[in-house]
Structure formats: structure tokens, C-alpha cells
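*Asks:* below: sequence and its predicted model.
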Amino acid sequence: MKSSITQGVKILATGSAVPDLCISNELISNMVDTSDEWIFNRTGIKERRISSSPTSLIDMATAASMNALNKTHINAIDLDLIILATSTPNDLFGSASQLQAKIGASKAIAFDITAACSGFVIAMVTATQFIQNGSYSNVLVVGADVLSKWTNWSDRRTCILFGDGAGAAILQSCSVLENNILGFHLNTNGQKFDQLNIQCEYSNHDKNFFSKGLKGSFKYITMHGKEVYKFAVSKVPQSIQACLGSLNLSSENIDWLLLHQANERILYAVASRLMIPSEKVISNLAKYGNTSAASIPLALNEALEDNKIQNGDLIVMSGFGAGLTWGTLIIKWYR
């Protein structure tokens, strides 16, 4: 599906949060057969942040949300809607309601979106639709994941990649002249879901008539790295070009390319296919690794705090990952 967004949505502020514990490549090399050089050359990652708290998802989401709210003129009680993009909830029924309670947004409806590394982009598009159709005026979108809890730390193919984090954005209805969100393009290919997933498994348990003694649980992250790489460098440029085309724009109009922070090779391969100079690629991958739904808002917030992004800049965001899902969001930044 593709569409053009022509009016009415402004990004008031962004925020982010990461755990204090920093795990370097050197430390991982003491756990599995690898090295700092091997990891960095293949991924661009030097370190990642890991949480040890059972409430880390909500703690980080709360901190990122308050970081964003404190930059605005509105309070949590003014929020109409909260969308939490996460694939690692601390409650299988969803965690957005816990975030709503923690920040005191008692008037807001809250729900989760599960779309892994595409989650933040899809949540932003969803929030935009609610604002554009007049349903809500103030929306908090949060991308947060604690992938460390689903990582097999003895598997060197995956344990080097993932970290924990959260990022937030506050959206508000506005006039056409202030509009930030220009367009989007979303896709899914469910036939390749098994390229990147956390599978559910069933084991024998105390028998009862209804479940026949089966108890559900989840395995660790599994990923077919080469297939995911080919998928990303093929589909993401197509999505970006389609979205730009729907707005009568080209890659030459892009000031900043902000991709899901999965692997440095993917970031620059996508940029190369679009003929975008490497200096226009926003990346904080070296510090945080792959933080799934948190990666794009975390990088966006840091770029804004570092004053990289200037008034009038065109930002192209693309998320891609499990599902398989991928999507693009084009933003015109106005301070």
C-alpha cells in the first residue's frame, strides 16, 4: 500500500532512553568465538546497551516519553492516544497500558503494535491516520525493545547484533503549513516470516482436558543473515523510491537517510543504490547495535539533539525486518 499524506500532522518533540550497562565487543569475545575486529568489520557495531531489570521495557519507554514531553508545552494528561511499538512486551497481552499508567496519561487510549524493526514507522503512520481523520489531537508514539532477553548469548551469529533501547515522538494536529508528515509506503511478505523470528514452541505440561498437556513458550531470536541482507538492500530502496515518486520527489531531494539500524553494510548498500552520499546517512549503530523498534526514534532524537537536522530538511525513514515487513516515512522537518 502507498499513500500521500498532505496535511495536518506536526512532530512536537522526540526523546530517547537506553540502559546504563554497556557491553563491548571485547566482552562478547570472552563469551563466544569472535573479536572486536570481526564484529565491527561485519556490522559496524562497537558496543550495545543491555538491561538487567524485569521492568526495563516500561522503564525505558517511560523515560523516553518523559524526555519528549518535557520538550513540549503539553502534559501527559493532554495525550489522546499512546501507541507502543514493541515485539518484546513484558506482558503477552500488551504493555502500552502500563506505559499509560506510568506517565499519568489517564485520558489516553493505549495499545501495542507488533512489527519488530518496522514497528516505529508503522506506528507513526497509524498515529498520523488518527490525527488526519480528526479522531485525536495529541499522540505519543514509542518504539521500545529489550531484545537482550530473547538473545541466545552463546550464538555468535545473533548475540553480537542486538541491544536494548527506547525512542519516542509526540505528534499533534496542525495546519497545512506546519505539516511534517509528507508520505508513506508500507509492505509485508508473510511467506518469508521464518527468515527472522522468535518461534513459539509447546512442551508437555500438567495435563488437562482442554490443552492436552501443552504449555507455550518462546525460543531465542533466529535469523538467516544473508537472506535478510538481500531482502533489505533490494526492497528498502524500492519502497523509498515509490514513496518519493508519489510525492514527485527524487533521491536528490533527500537531506537525511534514516534507516533501521541493523547493520552498517545494509545502511550504506541502500544509500548506494539510491545514489545518496554516505554523509547523509544517520547512524548510531556503533553505540547501540540493533535495538529493533527503538532504533529509528533513538537515532532521530540524537540527530536532533546534535543539531544535525536543520529547519526544512527532508528526512526519509525506513524500517525493515521480521514479518517480513518494511516501510518508509517521509518527513519535512520544521522546528
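*Replies:* All right, it came through fine. Numbering: from 1, shown residues only.

*Asks:* so where's the longest helix in this structure?
*Replies:* The longest helix of the chain (DSSP state H) is helix 225-246.

*Asks:* spit out the contact partners of the residue nearest the centre of the chain.
*Replies:* In the chain, the residue lying closest to the centroid (C-alpha atoms, centre = their mean) is residue 293, at 2.3 Å. By C-beta atoms under 8 Å, 6 or more residues apart in numbering, the contact set of residue 293 is 85-87, 115-120, 123, 143-145, 319. Any C-beta I mention is one placed from the backbone N, CA and C, and that applies to glycine too.

*Asks:* shaky segments in the stretch 51-200 of the chain?
*Replies:* By pLDDT under 70, the weakly predicted segments of the stretch 51-200 of the chain are 177, 196-198.

*Asks:* please disregard the earlier target; I meant the stretch 201-335 of the chain.
*Replies:* Along the stretch 201-335 of the chain, segments meeting pLDDT under 70 span 202-217, 220, 225.

*Asks:* residue 187 falls within a helix, correct?
*Replies:* No: using DSSP: H, G, I helix; E, B strand; the rest coil, the assignment for residue 187 is strand, not a helix.

*Asks:* that one contacts residue 235, correct?
*Replies:* Yes: here residue 187 lies in contact with residue 235, judged by C-beta atoms under 8 Å, at a distance of 6.9 Å.

*Asks:* joint contacts of those two?
*Replies:* Taking C-beta under 8 Å, 6+ apart as the contact rule, residue 187 and residue 235 both touch residue 326.

*Asks:* for the chain, just list every one of the helices.
*Replies:* Listed in chain order, the helices of the chain (DSSP H) span 25-29, 36-43, 56-69, 96-103, 119-132, 225-246, 264-273, 285-288, 295-305.

*Asks:* so which of the contacts of residue 293 would you say is closest to residue 25?
*Replies:* Taking C-beta to C-beta as the measure, residue 25 sits nearest to residue 145 out of the contacts of residue 293, at 20.5 Å.

*Asks:* which ones are touching that closest one?
*Replies:* 57, 86, 87, 88, 164, 165, 166, 291, 292, 293, 294 are the contacts of residue 145 under C-beta under 8 Å, 6+ apart.

*Asks:* and which of those residues is nearest residue 72?
*Replies:* Closest to residue 72, out of all of these and judged by C-beta to C-beta, is residue 166, at 17.5 Å.

*Asks:* and the closest one, how many neighbours?
*Replies:* For residue 166, the count of nearby residues is 33 (other C-beta atoms under 10 Å).

*Asks:* residue 60 is in contact with that one, correct?
*Replies:* Yes: with contact defined as C-beta under 8 Å, residue 166 counts as touching residue 60 (3.7 Å).

*Asks:* what do the two both touch?
*Replies:* 17, 18, 144, 294.

*Asks:* how about the helices of the chain, which one is nearest residue 76?
*Replies:* helix 96-103 (4.5 Å).

*Asks:* that older thread, and the contacts of the longest helix of the chain?
*Replies:* Counting by C-beta under 8 Å, 6+ apart, 2-4, 157, 183-185, 187, 192, 195-196, 250-251, 253-254, 259, 262-263, 265-266, 269-270, 273-274, 316, 318, 320-321, 324, 326-330 sit against helix 225-246.
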